[in-house]
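Q: Okay, here's the prediction I keep looking at, along with the sequence it came from:
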Amino acid sequence: MESVTPGGNPPTTTKLEPHRRELPLKVGTRGSPLARAQTANFLAILEHFCPVLRGQHVFQERIIMTTGDAVQDRALAEIGGKGLFAREIHDQLLAGAIDFAVHSLKDLETTLPDGISLACTLKREDARDVLILPPGHAVPDPASPYDALARGARIGSASVRRQAQLKHARPDLNFALLRGNVGTRLAKVAAGEVDASLLAYAGLRRLGLGARASVVLSPELMVPSAAQGIVGITVRSADTELLALLAGIEDPEAKAVATAERALLAALDGSCRTPIGGYARLLADGSLYLIGLVARADGSFLLRRTVTSARADAQAMGRELGLSLKADSPADIFAP
């Protein structure tokens with residue numbers, strides 16, 4: 001697990017007084033190795049920022065099984081769509097069973113339930129997707145990585161976004177449902193159950209498995225999921241003390257790019273069957289670049305556009321790009 005340097009104010013400004021709260025502070029997370037690694041990293045950042053929180057009995061991790069974790073044999077679209085990796089965590093937060101929750105921000109709905117707030121976003125890990133090939137496979141040419149896939153190859157994936165982009169580039173490829181945690185999917189590729197797969201580079205790096213990526217795909221070739229590689233922390237909206245504390249570890253760059261990408265996603269308002277991609281980055285001059293993508297699930301239609309604007313306009317630029325993509329896409333793409 002790689003360390004993350006917190007942003008925001010120095011620790012001396014922290015006002016949280018744990019002796020006035022019921023301890024331990026309970027943090028909710030999914031149970032996958034990646035989710036727990038992200039939670040451990042978040043707590044390390046928080047302890048560094050607020051040394052008074054260091055101690056054996058300050059935090060208690062609560063593992064919460066979500067619908068998305070429990071049902072592994074069906075595509076996400078078939079078991080309820082949005083919020084499948086967050087709904088039960090929201091419930092626990094609202095019930096007071098946990099004090100805050102750690103999420104992969106790409107799994108969070110753009111509109112959170114009443115009473116829950118996104119308290120902060122942490123420094124982004126590499127947002128790109130990677131191609132996973134079996135051990136011993138020839139290293140692909142980064143300039144044309146899909147050439148490494150044999151005609152008719154069977155690709156394991158559960159992501160309609162990844163499938164649509166790959167189908168658009170290579171209509172000859174076949175696809176098989178491949179779900180489970182990172183280790184499970186890597187093992188299935190290694191065992192030959194599928195010829196290749198696509199994963200988020202962020203997850204591999206956070207688990208110390210970055211070397212398992214056969215090739216890292218550029219965001220222009222394979223547009224990532226909105227907020228991919230960013231960890232978000234939610235709390236109850238009424239918990240002003242924790243909201244103030246967590247604002248101190250907000251990463252300003254992650255906040256800017258996440259704002260643009262989530263605004264794009266909200267404007268498109270697609271279902272979980274709609275292939276949507278969004279990726280923003282800060283340019284050398286401080287402006288914000290955003291690429292958005294909408295596609296048909298079978299890859300027969302794909303629209304990709306970019307826009308550059310002032311960082312302060314992140315929300316507006318994301319919304320405007322999303323509306324532009326939606327206006328010029330076939331209506332069936334957004335059908336429920």
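A: Looks like it came in fine.

Q: tell me the strands in the protein, going along the chain?
A: Secondary structure of the chain, counting by DSSP state E: strands at 25-29, 59-63, 100-104, 116-121, 129-132, 154-156, 174-176, 196-200, 215-216, 231-236, 276-282, 288-295, 302-309.

Q: Adding mean neighbour count, write the ones you listed out as JSON lines.
A: Any C-beta I mention is one placed from the backbone N, CA and C, and that applies to glycine too. Supplementary listing: the strands of the chain in JSON lines, determined by neighbours: other Cβ atoms under 10 Å:
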{"stretch": "strand 25-29", "mean neighbour count": "21"}
{"stretch": "strand 59-63", "mean neighbour count": "16"}
{"stretch": "strand 100-104", "mean neighbour count": "24"}
{"stretch": "strand 116-121", "mean neighbour count": "22"}
{"stretch": "strand 129-132", "mean neighbour count": "24"}
{"stretch": "strand 154-156", "mean neighbour count": "20"}
{"stretch": "strand 174-176", "mean neighbour count": "14"}
{"stretch": "strand 196-200", "mean neighbour count": "23"}
{"stretch": "strand 215-216", "mean neighbour count": "16"}
{"stretch": "strand 231-236", "mean neighbour count": "24"}
{"stretch": "strand 276-282", "mean neighbour count": "25"}
{"stretch": "strand 288-295", "mean neighbour count": "24"}
{"stretch": "strand 302-309", "mean neighbour count": "16"}
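
Q: As a markdown table, those strands with distance to residue 190 and mean pLDDT would be great.
A: Compiled in a markdown table, these are given as follows (distance: least, Cβ to Cβ, whole Å; pLDDT from 0 to 100):
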| stretch | distance to residue 190 | mean pLDDT |
| --- | --- | --- |
| strand 25-29 | 27 | 97 |
| strand 59-63 | 27 | 96 |
| strand 100-104 | 24 | 97 |
| strand 116-121 | 33 | 98 |
| strand 129-132 | 9 | 97 |
| strand 154-156 | 11 | 97 |
| strand 174-176 | 15 | 96 |
| strand 196-200 | 10 | 97 |
| strand 215-216 | 16 | 96 |
| strand 231-236 | 28 | 98 |
| strand 276-282 | 27 | 97 |
| strand 288-295 | 29 | 98 |
| strand 302-309 | 30 | 98 |
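
Q: do you know which of those strands lies nearest residue 145?
A: In this view, the strands of the chain are compared for proximity to residue 145 by Cβ to Cβ, and strand 215-216 is the closest at 4.5 Å.

Q: Which strands or helices does that closest one pack on?
A: Applying 3 or more Cβ pairs under 8 Å, 6 or more residues apart in numbering; DSSP states H and E, one finds that strand 215-216 makes contact with strand 129-132.

Q: Each with direction, which strands does the strand it packs on pair with?
A: Sheet partners assigned to strand 129-132 using DSSP bridges are listed as strand 196-200 (antiparallel), strand 215-216 (antiparallel).

Q: returning to that earlier point: export the strands of the chain as TSV, with columns for distance to residue 184.
A: Supplementary listing: the strands of the chain in TSV, determined by distance: least, Cβ to Cβ, whole Å:
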stretch	distance to residue 184
strand 25-29	18
strand 59-63	17
strand 100-104	17
strand 116-121	27
strand 129-132	12
strand 154-156	10
strand 174-176	14
strand 196-200	11
strand 215-216	21
strand 231-236	21
strand 276-282	24
strand 288-295	26
strand 302-309	29
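
Q: CA atoms only: put stretch 98-111 into PDB for me.
A: Listed in PDB are the C-alpha atoms of stretch 98-111, where the atom choice follows Å, rounded to 0.1, in the frame of the first residue of the first chain:
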ATOM      1  CA  ILE A  98     -20.700   3.800  12.000                       C
ATOM      2  CA  ASP A  99     -19.300   7.300  12.200                       C
ATOM      3  CA  PHE A 100     -17.900   7.500   8.700                       C
ATOM      4  CA  ALA A 101     -17.400   5.300   5.700                       C
ATOM      5  CA  VAL A 102     -14.600   4.800   3.100                       C
ATOM      6  CA  HIS A 103     -15.700   4.300  -0.500                       C
ATOM      7  CA  SER A 104     -14.100   4.100  -4.000                       C
ATOM      8  CA  LEU A 105     -15.700   7.300  -5.200                       C
ATOM      9  CA  LYS A 106     -16.600   5.700  -8.500                       C
ATOM     10  CA  ASP A 107     -19.000   3.500  -6.600                       C
ATOM     11  CA  LEU A 108     -20.900   6.400  -5.000                       C
ATOM     12  CA  GLU A 109     -24.100   7.800  -6.500                       C
ATOM     13  CA  THR A 110     -23.800  11.400  -7.800                       C
ATOM     14  CA  THR A 111     -26.800  12.300  -5.500                       C
END
